[in-house]
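In: Any chance you could fold what I've pasted below:
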Amino acid sequence: MDSHIDLSGIILETGRLILRSFTEADLGDFFDYASVPGVGEMAGWPHHESMETSRRIMQSFMDGKEVFAIYHKQDRKVIGSVGLHKSWANEDIRFKHLPVKEIGYVLAKEYWGQGLMPEAVKAVIDCCFGQLGLKALTCGHFITNDQSRRVIEKCGFSFVRESEYFSSQMQQTFQDRKYILLRREPMSLVFICYPRCSTCQKARKWLSGHRIDYTERNIKENNPNEVELIDWIKKSDLPASKFFNTSGLLYRELDVKSKRATLTEEEQIKLLASDGMLVKRPILVGDGLVLVGFNEKEWTEALQVI
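Out: Numbers count the residues shown, from 1 in each chain. Predicted coordinates:
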């Protein structure tokens, strides 16, 4: 579902950048980066060969009110743009009911490789899902454009499909890859982990990469109690035995493996509750949701990540 947006009154600020509407004073900066061969071509438009071309296109940005200029604070000039445009998802039966826009961006060549574009795009994502009320954002890149692919992945977009894109400006068809990012409805998630555990670190990175909010709880300092364990066992449909950290040092020191077979379910729960280091981690607990251990496929399906 295409949504009308107006960015003209919005100013976003990050550590190094200010995102705001273009002004006539930006023409020189715009031409400087848009006239460099290879910059526009990576996004499907030919580099500008005259100031007049830049003037005409910049005026369309100002009239359309859908494009941010990227202003570099330290260098005090415009170095690129981020725009919100009509999305291919409007024609996809899975997503066409969602208010959605396509993010497009370009950055001056001399600023590549500094992490500036992910910084800008993430600020725009927050604005879209907050102030603008969008439910989804799409993005894409030509299959040869690795720089754009890395930006998209760093910003948490999920790959949907490969397709063809016809550039009317260049009269050329390109192979591209399309991605989507869905706004997550508020869900109370508790991420129970041991911070030094490598699996927990991997799971935390995955959650952050998919922009999933959670509250973190240290399993050693605040170990699960019996009531919690009984509830989690019921919701996960797993036996108590699956909650043991079988690779843990304490599990081996106490020789739990040989003892466990003689313990009742209730006794296993009491043992688990005695020390958080006996409990398998991470555990992700939400509304009617309990995931034990990190399995990317399982977490993807449970949290409906595309």
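
In: residues in contact with the helix or strand of the chain with the lowest mean pLDDT?
Out: One helix or strand of the chain scores below all others by mean pLDDT, DSSP states H and E: strand 158-167, with a mean of 86. Residues from elsewhere that reach strand 158-167 (C-beta atoms under 8 Å, 6 or more residues apart in numbering): 44-45, 88, 140, 142-143, 172-181, 210, 305-306. In this view, the C-beta of every residue, glycine as well, is placed from N, C-alpha and C.

In: what's the closest non-adjacent residue to residue 215?
Out: Nearest in space to residue 215, with sequence neighbours left out and distances taken as C-beta to C-beta, 6 or more residues apart in numbering, is residue 190 at 5.1 Å.

In: number of nearby residues for that neighbour?
Out: Neighbourhood size, residue 190 [other C-beta atoms under 10 Å]: 13.

In: which residue ranges form the helices in the stretch 51-200 of the chain?
Out: Assigned by DSSP state H, counting those that start in this stretch, the stretch 51-200 of the chain shows helices spanning 51-64, 116-129, 146-154, 198-209.

In: Let me have these in a markdown table, extended by mean pLDDT and mean neighbour count.
Out: Shown next, in a markdown table, are those (pLDDT from 0 to 100; neighbours: other C-beta atoms under 10 Å):
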| stretch | mean pLDDT | mean neighbour count |
| --- | --- | --- |
| helix 51-64 | 96 | 15 |
| helix 116-129 | 96 | 20 |
| helix 146-154 | 90 | 17 |
| helix 198-209 | 95 | 16 |
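
In: Please convert those helices to TSV, extending it with distance to residue 95.
Out: Below are the helices of the stretch 51-200 of the chain laid out as TSV (distance: least, C-beta to C-beta, whole Å):
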stretch	distance to residue 95
helix 51-64	23
helix 116-129	15
helix 146-154	17
helix 198-209	21
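
In: Looking at these, which is nearest to residue 220?
Out: Closest to residue 220 of the helices of the stretch 51-200 of the chain is helix 198-209 (C-beta to C-beta; 11.1 Å).

In: re earlier: out of the helices of the stretch 51-200 of the chain, which gets nearest to residue 34?
Out: Taking the helices of the stretch 51-200 of the chain one by one with C-beta to C-beta, helix 51-64 is closest: 5.6 Å.

In: neighbouring contacts of the closest one?
Out: Outside helix 51-64, the residues that reach it (C-beta under 8 Å, 6+ apart) are 21-23, 26-27, 30-31, 34-35, 48, 67, 69, 81, 83.

In: Of all pairs in those residues, which one spans the longest distance?
Out: Using C-beta to C-beta, the contacts of helix 51-64 span at most 21.4 Å, a distance reached by 21 and 35.

In: wait, residue 134 sits on residue 95?
Out: No - between residue 134 and residue 95 there is no contact under C-beta atoms under 8 Å: 11.7 Å.

In: Find the nearest non-adjacent residue to residue 256, please.
Out: That would be residue 244: by C-beta to C-beta, 6+ apart, it lies 6.5 Å from residue 256.

In: First-to-last residue distance for stretch 237-249?
Out: Separation of the first and last residues of stretch 237-249 by C-alpha to C-alpha, to the nearest Å is 26 Å.

In: hmm, back to that, need the buried ones from the contacts of helix 51-64 selected in PyMOL.
Out: Buried subset of those, written as a PyMOL selection, criterion 16 or more other C-beta atoms under 10 Å:
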select buried, resi 21+22+26+27+30+31+34+35+48+67+69+81+83
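
In: Can you add distance to residue 196, pLDDT and secondary structure and give the contacts of helix 51-64 back as a markdown table?
Out: What follows is these, written out as a markdown table (distance: C-beta to C-beta, whole Å; pLDDT from 0 to 100; DSSP: H, G, I helix; E, B strand; the rest coil):
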| residue | distance to residue 196 | pLDDT | secondary structure |
| --- | --- | --- | --- |
| 21 | 47 | 97 | coil |
| 22 | 48 | 97 | coil |
| 23 | 50 | 97 | coil |
| 26 | 49 | 97 | helix |
| 27 | 54 | 97 | helix |
| 30 | 49 | 97 | helix |
| 31 | 52 | 97 | helix |
| 34 | 48 | 95 | helix |
| 35 | 51 | 95 | coil |
| 48 | 53 | 94 | coil |
| 67 | 45 | 97 | strand |
| 69 | 44 | 98 | strand |
| 81 | 43 | 97 | strand |
| 83 | 43 | 96 | strand |
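
In: Sounds good, over and out.
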